[in-house]
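[1] Return atomic coordinates for the entry below.
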Amino acid sequence: MSASRPSTIRDVAAEAGVSSATVSRVLAGNYPVAAETKKRVMAAVASLNYVVNVHAQALAGNGIGPVALVIDNILGASLAHIAAGVEQEAALHGRISLICATHGDRVREDELVRLMRQQHAAAVVLVGGAIADDAYHARITEYAKALDAVGSRLVLCGRPAPTPGTPATVVEYDNRGGAFHATSYLLTAGHRRILYLGGVPGFSANEERHAGYLDALRAHGVPYAEELDTSGDFDRPAGYLRTQEAIRSGLDFTAIFASADMVAVGAAAALQDEGVKVPDEVSLIGFDDIPMAAELTPSLTTMRVPYEELGRTGVRLALEHREGRSRSSEHVILSTQLVVRDTVRQLG
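    Have a look, this model is predicted:
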């Protein structure tokens, strides 16, 4: 064999003294092969530095395609945990993971999904909130059907579910129930004037958390106060500015429910800068349980979201579907958990 020519599957077969079909079966791992035969094939692969032709294997249906994670921003704390879950589960199944960032550009998302379809990715995992309008549903349906046509699987993590019958896997967490639990915890502690620091209106996660906040007020018989219901970005500056404005305007409140931990971090900074003590004067609760939450002083009471489990579950279900061990559509909702720390005070 010429040193300048890459080795082929025929070269491996000749070196191992088996057929090309046997080599394919060993590399795909989808057919029983005698241990001694497998050992000879893998020794030949190592000796010849043979590299599997991913495209050819994918077209042959051997299922060695990667798992692709498509997210808005790789720097987000919660998104990083989802990515860790995706990578862990993919590795457990012998798959490589690809992480692609869109930076909120829907055209780039389209291009990345198309590219992953061409690469015959085993699964394409889309992460992050979205506005569930007609355009969203049309786009997701197109993604799902295009991927399904080549044996790939669309996984929606924390995104709105598609229209019924769409060939996709949906894994989300209980935003509404979690927000209800967080608000109820404050109400049970005696707080009646709760400043709600919500996210951007229209986005799925924000709408569900806002609904949970309202559900809790109704369940506890507490009148809704429009001046306490605010919206903005899910980030620290938004939490800081809205809390500072509330304090300086003289708004009456004894507790804050920040609908994301980073918003709570901003709120805590504003309270400190304005000379308001947590929890002695104002109680504070967040949502996410990012690592920073436990490191704040005082440590933040919050709702824990199983982000890594989201990623793992999405990949596991997608790969089970490829192996014919699941239904054409799955929709899993994971629970959230209240983590009690030091930022909520019992009144009375």
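[2] what sits against T301?
    185, 284-286, 338-344 (C-beta atoms under 8 Å, 6 or more residues apart in numbering). Backbone N, C-alpha and C define where each C-beta goes, glycine included.
[3] Output the lowest mean pLDDT helix or strand found in this structure.
    helix 54-59 (a mean of 49; mean pLDDT, DSSP states H and E).
[4] by contact count, what packs against the next helix or strand after it?
    Proceeding N to C from helix 54-59, the next assigned helix or strand is strand 67-71, under DSSP states H and E. Strand 67-71 is packed against helix 77-92, strand 97-101, helix 106-118, strand 123-127, helix 307-322, with contacts defined by 3 or more C-beta pairs under 8 Å, 6 or more residues apart in numbering; DSSP states H and E.
[5] Give me the buried stretch members for the third one, please.
    Judged by neighbour count (16 or more other C-beta atoms under 10 Å), helix 106-118 contains these buried residues: 109, 112-113, 116-117.
[6] Using JSON lines, lay out the contacts of T301 together with distance to P167 and secondary structure.
    JSON lines is the format used below for these (distance: C-beta to C-beta, whole Å; DSSP: H, G, I helix; E, B strand; the rest coil):
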{"residue": "Y185", "distance to P167": "39", "secondary structure": "helix"}
{"residue": "L284", "distance to P167": "43", "secondary structure": "strand"}
{"residue": "I285", "distance to P167": "39", "secondary structure": "strand"}
{"residue": "G286", "distance to P167": "36", "secondary structure": "strand"}
{"residue": "L338", "distance to P167": "36", "secondary structure": "strand"}
{"residue": "V339", "distance to P167": "36", "secondary structure": "strand"}
{"residue": "V340", "distance to P167": "41", "secondary structure": "coil"}
{"residue": "R341", "distance to P167": "42", "secondary structure": "coil"}
{"residue": "D342", "distance to P167": "46", "secondary structure": "coil"}
{"residue": "T343", "distance to P167": "44", "secondary structure": "coil"}
{"residue": "V344", "distance to P167": "44", "secondary structure": "coil"}
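[7] Report the buried residues of stretch 208-220.
    208-210, 212-217.
[8] Sitting in helices, which of those residues do you find?
    208-210, 212-217 (DSSP state H).
[9] what stretches of the stretch 151-300 of the chain score poorly on pLDDT?
    Under the criterion of pLDDT under 70, none of the stretch 151-300 of the chain is flagged as low confidence.
[10] Is P279 in a helix, a strand, or coil?
    Three-state call for P279 (DSSP: H, G, I helix; E, B strand; the rest coil): coil.
[11] Give me the distance between it and Y240.
    Distance, P279 to Y240, by C-beta to C-beta, to the nearest Å: 18 Å.
[12] For S259, find the nearest of the helices and strands packed on strand 67-71.
    helix 77-92 (12.6 Å; C-beta to C-beta).
[13] what angle do the closest one and helix 307-322 make?
    40 degrees (axes from the mean of the first three to the mean of the last three C-alpha atoms, to 10 degrees).
[14] just to revisit the earlier point, closest one of the contacts of T301 to F234?
    G286 (11.0 Å).
[15] right, and the closest one touches D261 too?
    Yes: with contact defined as C-beta atoms under 8 Å, G286 reaches D261; the gap is 4.1 Å.
[16] Just to be sure, Q244 is in a helix?
    Yes: the assignment for Q244 by three-state DSSP puts it in a helix.
[17] contacting residues for it?
    270, 273-274 are the contacts of Q244 under C-beta under 8 Å, 6+ apart.
[18] redo that, cut-off 10 Å
    266-267, 269-271, 273-274 (C-beta atoms under 10 Å, 6 or more residues apart in numbering).
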